Structures are given as structure tokens and as C-alpha cells.
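Asker: Structure of the sequence below:
(one chain, ligands or ions: 3)
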Amino acid sequence: MTTVAAYAAPAAKAPLERTTIERRPVGESDVLIDIKFAGICHSDIHQAREGWGTANFPMVPGHEIAGIVSEVGPGVTRYAVGDRVGVGCMVDSCRECDNCRAGLEQYCSNGGPTWTYNSVGADGEVTHGGYSQKVVVDENYVVRIPEGLQLDEAAPLLCAGITTYSPLKHWNAGPGKKVAVVGLGGLGHMGVKIAAALGAEVTVLSQTLRKKDDGLKLGATHYHATGDERTFEDLKGTFDVILNTVSAPLDFGAYLSLLRTDGAMVNVGLPEEPVNIQLSSVFGNRRVLTSSNIGGIPETQEMLDFCATHGLGAEIELIRADQINEAYERVVASDVRYRFVIDAATI
Ligand code: NAP
Ligand code: ZN
Ligand code: ZN
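Answerer: Ligands and ions are numbered 1, 2, ... in the order given. Modelled structure (predicted):
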């Protein structure tokens, strides 16, 4: 066991504070990673505040991890000491079910994957995430960060990047397609960059026009305020794909009316409250209302390679670990441009 410093929420809704946790010894197929940077995802806040239901405390959040391999187990074949690597939302899964074999570990049929934190691993221990100095992870759940990406700007790709890349690919965002990204936060800003790099015509739908200049720089061609009712009249029936990244419930009928026939609204935002829709907002034009959960390990590697090729790092605000609680408040207030990343050297 190795004792490492970490930031943990001691109880639901309590501020995070510095503590220590134990990391398991490096096993046969494990790599030990010196964490350099960890992104703050809104999912960290939903869980640390028990917004999605009962959680495990103390909780060390963090599933956007970028670091350097500092030790490898005897059976490790893919990584060596010194490699630049990332860990996202999963650290294990059954590896045997159809979904795991298909590289869709996030949909593991045997009880789901082991999440990077707030989950119980095969050893019966609660997992702890990236707001810490080191982590031990099986090499099969580790990805390589290409040289073309800075480690701090790569960290958010491990969740925000793959969560937007996977559905954009699945729903064929590309040349000739009109894609709307709802919410310009951590996920949203990567959604805009990736959809534009895939060749789609991108529109941002944000609460206000406050971030319009940024949205256009990120790759959007159009930018509209959802606080303005005319937006919903002007854009009726426009989009092939709507990627909704909003962390709160929306008026689904209003957004669905913006899809063209057979268009798909993919909800990756995960509000804490149930949502209400009238089926009349989908049946008229055979619209699709769907969702998507991160992406599998092979696709996460594909996304990192794609981002490196296209020069797509995240737009980040680097913070010290003692600023985590303040950063949480700013994320909740939609005051993030566009991802807070913790400098792990300050933990
Ligand atoms: P974030 O940085 O807080 O971004 C969310 C954005 O939604 C905000 O910046 C804001 O954009 C908009 N928004 C917030 N409250 C709103 C409201 N009441 N009405 C309308 N718009 C609002 O959060 P994130 O880290 O990108 O995560 C977004 C959501 O995705 C969270 O619920 C998170 O748990 C979930 N998530 C899901 C997956 C998955 O696999 N499906 C993975 C990661 C995260 P504007 O200021 O531009 O309006
Ligand atoms: Zn996340
Ligand atoms: Zn499985």
C-alpha cells in the first residue's frame, strides 16, 4: 500500500478537504501513475453533493486524469515508465460480456463498470479518483496521451472529450450536417470543437449571448440565446443532431421542435431531477430522443488521437487544490471557461 495525499468530500455537501488515502500495491497488470492534472467535471459535483442519490464518503472525485507512468507490474505490455497516460471514468469491468468485448465497457452487462471513484472494485474496496497524487490502474483501462497534446489540456478530454465525441460519431455529425450544442460549459465547449473538426455546421444554444465570441472561436458558425423566445421560432426544424450538455432539466418539447425529420437529440447532461416530455414532440417527425454514457476504452484512445491530430485541447483554468470548493461554486453558477483543472502538484 502507498499513502498519498488527496482532496476528499468527507460527507455529502461538505466542502472538500485535504486528506490521505491508500493506493493498492502495483499488481501484475497494473500501472502506477503520478497524477499531474485532474479536471473538474460537473458529475463530480452531482456525486459529492449526493445529487444522484446515496454515495460513498469520504469521496475523492476526479475522472479526468492525466499523468506519467512511474511503475509497471510484471505483466504490463502496453506502457513503460515515463509514458504520458490518461484515465477516464472507468477503471475496470467484467471483460467478458458482449459489451466489454465490443469495447463498450461503459455498458458492461455484469453490473456496469467499476467507476474511477464512488464505486466498489472487484477487491471490495471503494474507488478513489483523480484529486490525488497517484493512482494504480489496470493497464487495460489506461489510455495514451499523444505527444501533440499538453497534459493539462488533455485531462478534460478523458470525460468531456469522449462524452461528446462518442455520440457525435454515433449520430454521424460531419459534413453536410447541422449540429446544435446546448450549454457552453466543459462538455459543451469540447462538443463544439469536435463537431466542427468532424466537419459539421455547428450552432451553440446558450442561455445568453455572453460567451458568443468564445463560441465562434471554438468553431461554431451560429450562436443563439435560449433565453430569447425568437430562437425557438427561428430555428424550428433545423438540426440533424442536438447535443444537450446541460446539467439541469430543460423544456424538452421546445428543443425537440428544433430537430428536422429523423433528427436526434442526444442528452448527455444528467440533471438530478426526472424530466418530462410529451411524446407529441417526437412522433410528428420521427424524431429520436436519446442519451449516451461517456465512451469505451478503444474509442477514448481514438478520440485522443483525433484531438491530437486536430490540435483540440480543452480550454482550461488551472487551479490549486485549495481552490476546488470555489471552483465547484463557479461551475454550478455556469461561470466556467471552460474547464477547471487541478494542478496535482498543489495537493
Ligand atoms: P458544466 O461545465 O457546468 O456545463 C453545463 C452548462 O449547461 C453550463 O455551462 C451552462 O451553459 C448550461 N446550464 C447550466 N445550468 C443551466 C440551466 N439551469 N438552464 C440552461 N442551461 C444551463 O457541466 P459539464 O461538466 O459540462 O457537465 C454537464 C452535464 O453532463 C452534467 O450534468 C454532468 O453530470 C453530465 N455528464 C454526463 C456524462 C455522460 O457520460 N453522459 C459525462 C460527463 C458529464 P450556458 O452558460 O452556455 O448556458
Ligand atoms: Zn465527467
Ligand atoms: Zn462486461
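Asker: all helices for the stretch 151-300 of the chain, in order.
Answerer: 151-154, 160-170, 186-197, 212-218, 230-234, 252-256, 280-283, 297-310 (DSSP state H, counting those that start in this stretch).
Asker: Comparing these, which comes out most buried?
Answerer: By mean neighbour count, with neighbours taken as mean count of other Cβ atoms under 10 Å, helix 186-197 ranks first of the helices of the stretch 151-300 of the chain at a mean of 28. All C-beta spots, glycine's among them, are computed from the backbone N, C-alpha and C.
Asker: wait, what's in contact with the closest residue to Ser119 other than its chain neighbours?
Answerer: What sits nearest to Ser119 in space, not counting adjacent residues and going by Cβ to Cβ, 6 or more residues apart in numbering, is Thr127, at 4.8 Å. Shown in contact with Thr127 (Cβ atoms under 8 Å, 6 or more residues apart in numbering): 91, 114-121.
Asker: what's the nearest residue to the closest residue to ligand 1 within the chain if we skip its chain neighbours?
Answerer: Residue nearest to ligand 1 within the chain (Cβ to the nearest ligand atom): Gly185, separated by 1.9 Å. What sits nearest to Gly185 in space, not counting adjacent residues and going by Cβ to Cβ, 6+ apart, is Val336, at 5.7 Å.
Asker: residues in contact with that neighbour?
Answerer: 185-186, 317, 327, 330.
Asker: Can you select the buried ones from those in PyMOL?
Answerer: Selection of buried members from the contacts of Val336 for PyMOL, criterion 16 or more other Cβ atoms under 10 Å:
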select buried, resi 185+186+327+330
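Asker: that older thread, my guess is the residue of the chain closest to ligand 1 meets Ser334, correct?
Answerer: Yes. Taking contacts as Cβ atoms under 8 Å, Gly185 lies within contact range of Ser334: 6.6 Å.
Asker: I'd like the average pLDDT over stretch 146-156.
Answerer: In this model, stretch 146-156 has an average pLDDT of 98.
Asker: List of residues touching it?
Answerer: Residues contacting stretch 146-156 (Cβ under 8 Å, 6+ apart): 36-39, 41, 64-67, 84, 86, 145, 157, 186, 190, 304-305, 307-309, 311, 313-316, 318, 339, 341, 343.
Asker: Show the residue spans covered by the strands in the stretch 101-250 of the chain.
Answerer: 114-115, 134-138, 143-144, 178-182, 201-206, 222-225, 239-244 (DSSP state E, counting those that start in this stretch).
Asker: Next up, phi/psi of the residue of the stretch 151-300 of the chain found nearest ligand 3, please.
Answerer: Distances between the stretch 151-300 of the chain and ligand 3 by Cβ to the ion are smallest at Gly296, namely 10.6 Å. When read as degrees, to the nearest 10, the backbone of Gly296 gives phi -80, psi 170.
Asker: Check Glu229 too.
Answerer: phi -60, psi -30.
Asker: per-residue confidence at it?
Answerer: 95.
Asker: okay, now it: neighbour count?
Answerer: Using other Cβ atoms under 10 Å, Glu229 has 10 other residues around it.
Asker: ok, now Ala180?
Answerer: Look at Ala180: counted by other Cβ under 10 Å, it has 28 neighbours.
Asker: Quick check: residues of the protein near ligand 2?
Answerer: Within the chain, the residues that sit near ligand 2 (Cβ under 5 Å from the ion) are 41, 43, 159.
Asker: Leu187 versus Arg337, what's the distance?
Answerer: As for Arg337, its distance to Leu187 is 14 Å (criterion: Cβ to Cβ, to the nearest Å).
Asker: do His128 as well
Answerer: Using Cβ to Cβ, one obtains 23 Å as the distance from His128 to Leu187.
Asker: Give the other helices and strands that the helix or strand where Val31 lies contacts.
Answerer: According to DSSP states H and E, Val31 maps onto strand 30-39. Applying 3 or more Cβ pairs under 8 Å, 6 or more residues apart in numbering; DSSP states H and E, one finds that strand 30-39 makes contact with strand 65-72, strand 84-87, strand 134-138, helix 151-154, strand 339-343.
Asker: rerun at 6 Å
Answerer: Helices and strands touching strand 30-39, by 3 or more Cβ pairs under 6 Å, 6 or more residues apart in numbering; DSSP states H and E, are strand 65-72, strand 134-138, helix 151-154, strand 339-343.
Asker: Distance to Thr221 added to those, as JSON lines?
Answerer: As requested, the helices and strands packed on strand 30-39 are exported to JSON lines (distance: least, Cβ to Cβ, whole Å):
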{"stretch": "strand 65-72", "distance to Thr221": "31"}
{"stretch": "strand 134-138", "distance to Thr221": "39"}
{"stretch": "helix 151-154", "distance to Thr221": "24"}
{"stretch": "strand 339-343", "distance to Thr221": "23"}
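Asker: Of all the ones you listed, which one is nearest Gly103?
Answerer: Nearest to Gly103, of all the helices and strands packed on strand 30-39, is strand 134-138, at 15.4 Å by Cβ to Cβ.
Asker: Output the closest one in PDB, but only the C-alpha positions, please.
Answerer: Taking C-alpha atoms only, strand 134-138 is exported to PDB below (Å, rounded to 0.1, in the frame of the first residue of the first chain):
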ATOM      1  CA  LYS A 134      -1.000   8.900  -7.500                       C
ATOM      2  CA  VAL A 135      -3.400   6.200  -8.800                       C
ATOM      3  CA  VAL A 136      -3.000   2.500  -9.600                       C
ATOM      4  CA  VAL A 137      -5.000   1.300 -12.600                       C
ATOM      5  CA  ASP A 138      -5.000  -1.900 -14.700                       C
END
